[in-house]
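> curious how this folds, go ahead:
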Amino acid sequence: MLAISDNKEEPPPPAKKARRSSPAAITTVAPSISSGPSEEMTRVGTVHSLFRKGRRGAALEEIRSLQFTQHSGIDGDAAKESLSARQVLLHARATMPNGAVVTSSTTGSLPPGRLGENIFIHLDATAYASIWPPPSGCVLQLGSSGGVTLRITFACEPCQGGAKRAGVDGVKAFKGWRDDACRGLLATVVTGGAVLVGDALLMKLMAGSKPIAACKYYQPMNAWVKGRMRYFIQKIPHGKVATYLQLATWAGAKPTRAYMRIIPSILKEEQAEEERKVQFLTPSLTGSDCMHRYHRVVDTKFCVLTKHVPCQVERLCKEGVDVSPKGEVPQLAIWNPTHEELFLVRLQDEL
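From the prediction side, this is the model:
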C-alpha cells in the first residue's frame, strides 16, 4: 500500500490527461490476445513518463513512446532478454484531491526516472493506491485498447548502485521494498506493441473486493532470489538438466559468486526435504511420487554435482541422461525452455 507525501507532482500531459471516475465507470473489455487474459479490465492509471537505457551503465533517455516486443522486452533497451524476469521496471504514484502525492514513503520526493524505471505511472484515483503494487502474477495492459500486456514478476531488490543513482542514503532507504515496491516493480512482456505517454493503464480487479484488489492470472514468483531458484529447479523436465547460470538468469539474479553459492545450499535443502517426506510425511509414497528435481542441476561446465548430490548420476541415468566418466552431461540434455514455460504458466494450469 502506498503512503502519503506532501510533494506535488506534475500531472500527465494535458492532451491525454485521464478523467477521474469511479472504478465502475472506467471499465473496458480488453481484446483477445495470445498467451494472456481476455477479460474485462479496469482503467487504474495513466502513463506519465517513459524511459529507456541503451546500454548498461548509460544514462536513462526520456522519450515519448516505447516499442515492446513480445516475450523479449523493450526495443533498444539494455534489459531486453527473452528469458529474463526483469524486462520492464515500473513505478507508480497517485495524487490526493489536495495535491498531496500518494507514494512509497522512501521515494516520495524522487522525480520520475530516478529509480531507473522504464514506465512511470500516475494512478487515476486515490482509491487505487491500495492496489499498488499489484502482486506477482497479475497482468497490466497499456494503451487505450490494452495492446501491450505485462506480467508482474516481483519487486525490484534495492542495491547500493541503485541507491546511489537515486540519490538516497543507501539500501536502508528502501526499507519495506517487498511490500510497497519502493525500488520499482518488475515485469515481462506478454504481448508487444507501442506505448505512448498519456496512454491508459488497465488492470483486472477482483469483483466485490474491499479494499480494491488485483487478480492474479499467472503463477506468482517469490520475492527472494533463493525462492525463485527453487521454483525453477522444480520446473526442469524429466531427462533434462539446467546449469547454475541458467537458474541465476531465470531467477533475475546476476551470475556472481555470491548467488552461485546459493545453489548448492538449495540442493542440500531439497535433498533433506525429500528424505523427510519419505520417512515421515508420506511413507506410502515411493519412487518418483516423492522425488524432488534437485538432481537435474549441473554446474556451468555441464558437470554433475555429486559432492552435493551423491545420487545424481544414478538418477540421471535412469532418466536417460548419459553421464561421461568425467561426470559431464551432453549438451543435448540441457533444458532450453521458452518464455512461456518459465513465466506464463497460468494458475489453473499449475500441476
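
> pLDDT on stretch 148-155, on average?
For stretch 148-155, the mean per-residue pLDDT is 95.

> ok now it, how far from the chain's centre?
Its chain's C-alpha centre and that of stretch 148-155 lie 6 Å apart, by CA atoms, centre = their mean, to the nearest Å.

> output that stretch as CSV, restricted to C-alpha atoms.
Below are the C-alpha coordinates for stretch 148-155, written out as CSV (Å, rounded to 0.1, in the frame of the first residue of the first chain):
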residue,chain,number,x,y,z
VAL,A,148,0.7,-4.1,-24.6
THR,A,149,0.4,-6.7,-21.8
LEU,A,150,2.8,-7.1,-19.0
ARG,A,151,3.1,-9.9,-16.4
ILE,A,152,4.2,-8.8,-13.0
THR,A,153,7.2,-10.9,-11.8
PHE,A,154,8.5,-9.4,-8.5
ALA,A,155,9.5,-6.2,-6.7
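
> in the stretch 201-350 of the chain, which spans are helices?
Under the criterion DSSP state H, counting those that start in this stretch, the stretch 201-350 of the chain carries helices at the ranges 225-233, 244-250, 257-260, 262-276, 312-318, 339-343.

> show me which parts of the last one are buried, residue by residue.
By 16 or more other CB atoms under 10 Å, the buried positions in helix 339-343 come out as 339, 342-343. To be clear about C-beta, it is placed using only N, CA and C from the backbone, and glycine gets the same treatment.

> cool, and the second one?
Of the residues in helix 244-250, those with enough neighbours to count as buried (16+ other CB under 10 Å) are 244, 246-250.

> just the closest of those to residue 116, please.
The closest of the buried residues of helix 244-250 to residue 116 turns out to be residue 249 (CB to CB; 19.6 Å).

> check that closest one and give its pLDDT.
pLDDT, read off for residue 249, is 92.

> returning to what we had before: of the helices of the stretch 201-350 of the chain, which is nearest residue 134?
helix 339-343 (15.6 Å).

> check which helix or strand covers the spatially most central residue of the chain.
Closest to where the C-alpha atoms of the chain average out (CA atoms, centre = their mean) is residue 153, at 1.8 Å. For residue 153, the host element (DSSP states H and E) is strand 148-155.

> so after that strand, what's the next helix or strand?
Following strand 148-155 in sequence order, the next helix or strand is helix 160-166 (DSSP H and E).

> which residue packs closest to residue 190, ignoring adjacent ones?
Excluding the flanking residues, the one nearest residue 190 by CB to CB, 6 or more residues apart in numbering is residue 149, at 4.0 Å.
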